[in-house]
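K.L.:
Below are the sequence and a predicted model; questions follow.
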Amino acid sequence: MSNLFRFADDHFHDHCGVFGVFGHPEAANLVYLGLYALQHRGQESAGIVASDGLELQLHRAMGEVEEIFQPSILAKLPGSLAIGHTRYSTAGDKALLNAQPIVIDCNKGKVALGHNGNLTNAAEWRRKLEHRGSIFQTNSDTEVIVHLLARSQARNLSGALGDALNQVEGAYSLLVLTSDELYAVRDPRGFRPLALGKLLTPGGALAWLVASETCAFDLLNAQYVREIEPGEMLRVSKGGIESIHFAPAKQHQQCIFEHVYFSRPDSIIFGRSVNQSREMLGRLLAREHPVEADIVVPVPDSGVPAAVGYALESKIPFRMGLIRNHYIGRTFIEPSQAIRNFGVKLKLNPVRSLIEGQRIVLVDDSIVRGTTSR
């Protein structure tokens, strides 16, 4: 988390989205839709790897999911297995070489890997591995896992993956794809979410889905089954699902920011509704800090459920006193310093008639640098 203040905007850059499909004839199309639902978890780059049972096909690019995966691109990703990733830079620079999934060809065969999380001992392992002759292609900490995987003496991939992961520390929710298998892995402390879902194919067969958030299942009318457990490696193959516990149990340390900010309110994270958590946080805030006021105003969008909770508990009317522009492109021409905080003005505008002369409780859910709140 040491690099939080390096960024110019007022957000944490510490989460990505992963989505995987096994056993559906339109796997890549489903992954595209899954990533679309997880776009809030990263807008920097996205990638999909698909397998037709023999060969892995990859497409990655900078930008948002909708721009990258045109129908002509998806047509080049055939097969019934696929994984996808949408990225915010956590470790590594903002460049295509750090986009995921990463695909390697090693002694375990062709393997694709998509990672949500941060490894705390990645730099240390990178130095050791480079000293032993490993050549790194990216700046991403995910590549450390790839090198440890390739170096493992284990005969099968699940053993090699277990070997690699038992040597790294930190947060990882991982999807790994081979030509005929899908692995979903969660670190022993369960820092980041990872959920299992299922869907019937048009032919009536059962397809398995894995996602960072359950809202991605809702878009596909898929059924949420359960969380991947901390320290669990789920292996999905033609033979069905196999659960492997690759690491001894550790104290669970789930990232609270998933409930406060990262996840969509319509997701179930760590077994609990995100919207419910945020509303409850607002209610608790009203109990701890009661004030006399005329209206409660949220900082949209993610501050809305907490403000609703505050208003319900305090009986002070809830009003949308700030309007958010949802159509800001990723790139816009920013004028000179003559217009300060231009990005924030572009994003939020007050409804003056609603707020003029009123005593306001302004509820925001997260203050990283405070630009938006100010």
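P.N.:
That came through fine.

K.L.:
Domains in the protein, by residue range?
P.N.:
17-268, 277-363 (the TED database).

K.L.:
Need the ones you listed in a markdown table (columns: mean pLDDT).
P.N.:
Below are the domains of the chain laid out as a markdown table (pLDDT from 0 to 100):
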| stretch | mean pLDDT |
| --- | --- |
| domain 17-268 | 93 |
| domain 277-363 | 86 |
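
K.L.:
all helices for the chain, in order.
P.N.:
27-37, 65-68, 71-74, 122-131, 142-151, 157-165, 215-219, 257, 274-288, 304-314, 342-347, 352-355 (DSSP state H).

K.L.:
what angle do the longest one and helix 304-314 make?
P.N.:
Right, the one you point to is helix 274-288. 40 degrees (axes from the mean of the first three to the mean of the last three C-alpha atoms, to 10 degrees).

K.L.:
contacting residues around helix 274-288?
P.N.:
258-260, 263-268, 305-314, 363, 365 (C-beta atoms under 8 Å, 6 or more residues apart in numbering). No exception for glycine: its C-beta is placed from N, CA and C like everyone else's.

K.L.:
among the domains of the chain, which is nearest G370?
P.N.:
Of all the domains of the chain, it is domain 277-363 that lies closest to G370, at 10.7 Å by C-beta to C-beta.

K.L.:
Can you say which of the helices of the chain is packed in most?
P.N.:
helix 27-37 (a mean of 25; mean count of other C-beta atoms under 10 Å).

K.L.:
Can you name every helix or strand that that one contacts?
P.N.:
strand 17-22, strand 45-51, helix 65-68, helix 71-74, strand 81-87, strand 206-211, helix 215-219 (3 or more C-beta pairs under 8 Å, 6 or more residues apart in numbering; DSSP states H and E).

K.L.:
Compute the inter-axis angle for that helix and strand 45-51.
P.N.:
160 degrees.

K.L.:
what residues does helix 27-37 touch?
P.N.:
17, 19-21, 24, 46, 48, 50, 65-66, 69, 74, 77-86, 199, 207, 209, 211, 213, 215-216, 218-220, 264.

K.L.:
residues contacting the residue nearest to L206 when sequence neighbours are not counted?
P.N.:
The shortest distance from L206 to any non-neighbouring residue, by C-beta to C-beta, 6 or more residues apart in numbering, is to K198 (5.9 Å). Under the criterion of C-beta under 8 Å, 6+ apart, the contact list for K198 reads L206, A207, W208, L209, A222, Q223, V225.

K.L.:
6 Å instead?
P.N.:
For K198, the contacting residues are L206, W208, Q223, V225, by C-beta atoms under 6 Å, 6 or more residues apart in numbering.

K.L.:
Is the second one in contact with F22, as I believe?
P.N.:
This points to W208. Yes. Counting by C-beta atoms under 6 Å, W208 touches F22, with 4.5 Å between them.
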